[in-house]
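>>> Please find the sequence and the predicted model below.
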Amino acid sequence: MSAAPSVTWTFTRIKLSLLRNGLRQSSGRTAAFVTSIVLVLLFGAGQLLGLILLRGSEHAAAVVVPLAALLALGWAVVPLFFPGSDETLDPTRLVMLPLRARRLMPALLTASLVGIGPLFTVVLAFGAVLAVAHGAAGTVTAVIAMPLLVLVCVALARAAATANVRLLTSRRGRDLALLSGLVIAVGIQLLNLGAQRLGEQGGLSALEPTADVLAWLPPASAVAAVQSASEGAYGPAVAQVALSGAALAALLWWWYRSLERLMTSPDASTVQSTTAREKTRGRTDGKGLAGLLPQNRTGAVMLRTLRYAWRDPKTRVGWASSLGVGLMLPVVFAAQGNGSAYNACWVAGLLGIQMYNQFGQDYSGFWLVASTISSARDAYVEMRGRMLAIALVAVPYVTVVVVGYSGVLGKWRMIPEVLGLALGLLGVLLATGVYTSYRFPYSVPQDSGHKNVVPGQGSLAYLSIFGGMAVGALLCGPLVALTVWLHLSGGHAWLWAVLPAGLLYGLTAPALALRGAAPRVVARLPEILTAVSRG
């Protein structure tokens, strides 16, 4: 009687088959895969060469220890934003197999080591330990540290993906993937700032304080152990290796518990829970956000707009980008030495454009909204509710950013004028958004792609956004002129007056825009419905 085939070898063959069959789907996918392999190998070879050149440098540990921490962070984050990049990350496909978690875990862990990402990780791990390994003790520690670093990274990805698999395979998980571009952009900008700081502060020595902290955090502690052993500090080396080993054991235990729970608990999609019924009942009873809003059409429109911002993928990405980039830009300017309290006005501009193309965000469902608008008063209340929903988030956020950023720069006296300008800009953009929403509406694709405009309406979208922003900037001219005049004329004692002037500006412009747009919205309902329903 022949022995049963190894589960680990079977899963490894499945992973290889998935890669091979994926390449056979189209020649374009094959070319993309081969190109990615070549690029990864070239980039990895460059990184390996750079790490080898660091060997013998007194700052080698200051580079390789943070590098190990970045590797672990990447392995933890990538499965959350790109759940479809590896089909084996979804253990729900295996729940019907007669396998226990203890047999699945070695097989899944081994299968995770097959691919471009693991190959790149192994190359960097090899270069990291090679850069700091010296002598017999350092070499022996490096032999232990390198696989330990790779295993911690892979186990971290597996544990995080298994614990969040219900989310990753749901609609919200696919929505989360749309935020990956924002996260990548922020990460690149942070790396750029870090590189600039290194140049300003004297090179790699600026990384040593960070490396000293990360040296005791796994899995970076495994690489730091090689440095410690090479220097003869055997006690710290053992402790640092033990920290990474304990982290690996903890991750495996977390993964095991998540896998057991996933494979033995019922799916929430087939079993209705009592808590779900209670949550639904709570919504219908008017609790939560709905209970705080006015109990009329204005409150209903505000609630619908806020729910779109939370549930609709494209709208959520727009809000997240405005909130994140609006906060990041002033920080970037300050880090580059160009810090000015007026940079906080960026957040007002980015949040103000959320008012643009309001009807396009309803997709083809705008006909339901259009059927409830029969008079100029109905259109006025509809647009006012949408504007108030944006202001409900934007005004407090802008205020916090302006006050916080001015405080960080030590420009407390500039808060009234900067806040006045920011709120005035926000109000003007909300006003121009009312106009562009009914005058230049365009359709937003309902698929999960990254396109925000259907083919054929791109010029309309650019005209709406950039034209509205240009007009808004011009309308803010009097408020800016007042601020400049007070500075040039020596009237610094009266700069506080910019705040009430900005508040008045920010309230008057939207009010006038709503009254002027309401009858025109009613007249253009058929054209708006046609424009936003394309595609």
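Okay, I see it. Note that the coordinates shown come from a computational prediction; the quantities given were computed from them, not determined experimentally.

>>> Outside of the host helix or strand of residue 213 itself, list whatever touches it.
Assigned by DSSP states H and E, residue 213 falls within helix 208-214. Residues outside helix 208-214 that contact it (CB atoms under 8 Å, 6 or more residues apart in numbering) are 59, 61, 62, 63, 65, 66, 68, 69, 220, 221, 224. Where you see a C-beta, it was placed from the backbone N, CA and C, and this is true even at glycine.

>>> Please repeat the previous calculation with a cut-off of 6 Å.
By CB atoms under 6 Å, 6 or more residues apart in numbering, the residues outside helix 208-214 that reach it are 61, 62, 65, 66, 69, 220.

>>> So what's the residue count around the closest residue to the fifth one other than its chain neighbours?
In space, and not counting its chain neighbours, residue 69 is closest to residue 220: 4.3 Å by CB to CB, 6 or more residues apart in numbering. By the other CB atoms under 10 Å criterion, the neighbourhood of residue 220 contains 28 residues.

>>> Now do the contacts for residue 220.
65, 68, 69, 214.

>>> got those residues as CSV, with distance to residue 55, secondary structure and neighbour count columns?
Compiled in CSV, these are given as follows (distance: CB to CB, whole Å; DSSP: H, G, I helix; E, B strand; the rest coil; neighbours: other CB atoms under 10 Å):
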residue, distance to residue 55, secondary structure, neighbour count
65, 15, helix, 28
68, 16, helix, 30
69, 20, helix, 21
214, 20, helix, 23
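
>>> and which of those is nearest residue 459?
Closest approach to residue 459 among the contacts of residue 220 (CB to CB): residue 69, at 45.8 Å.

>>> how much space between the closest one and residue 218?
For residue 69, the distance to residue 218 equals 9 Å [CB to CB, to the nearest Å].

>>> in this structure, which helix or strand is least confident?
helix 274-284 (a mean of 47; mean pLDDT, DSSP states H and E).

>>> got the buried residues for the helix or strand following that one?
For helix 274-284, the following helix or strand on the C-terminal side (DSSP H and E) is helix 289-292. With burial defined by 16 or more other CB atoms under 10 Å, the residues of helix 289-292 counted as buried are residue 290.

>>> Give the other helices and strands that helix 289-292 contacts.
Applying 3 or more CB pairs under 6 Å, 6 or more residues apart in numbering; DSSP states H and E, one finds that helix 289-292 contacts no other helix or strand.

>>> and it, how far out from the chain's middle?
28 Å (CA atoms, centre = their mean, to the nearest Å).

>>> contacts for it?
residue 303.

>>> what is the mean pLDDT for it?
For helix 289-292, mean pLDDT rounds to 73.

>>> before we move on, what about stretch 384-394?
Per-residue scores along stretch 384-394 average to 93.

>>> what sits up against it?
Counting by CB under 6 Å, 6+ apart, 298, 301-302, 305-306, 351, 354-355, 358, 426, 430, 510, 514 sit against stretch 384-394.

>>> By neighbour count, which of those residues wins?
residue 426 (30 neighbours).

>>> could you list every residue that touches that residue?
When contacts are counted by CB under 6 Å, 6+ apart, residue 426 touches 348, 352, 394, 506.

>>> mind checking which helix or strand it is in?
helix 415-439.

>>> can you list the domain ranges for this structure.
Following automatic domain parsing, one gets these domains for the chain: 25-264, 288-532.

>>> I'd guessed residue 419 sits against residue 402; true?
Yes - Residue 419 is within contact range of residue 402, at 4.8 Å (criterion: CB atoms under 6 Å).
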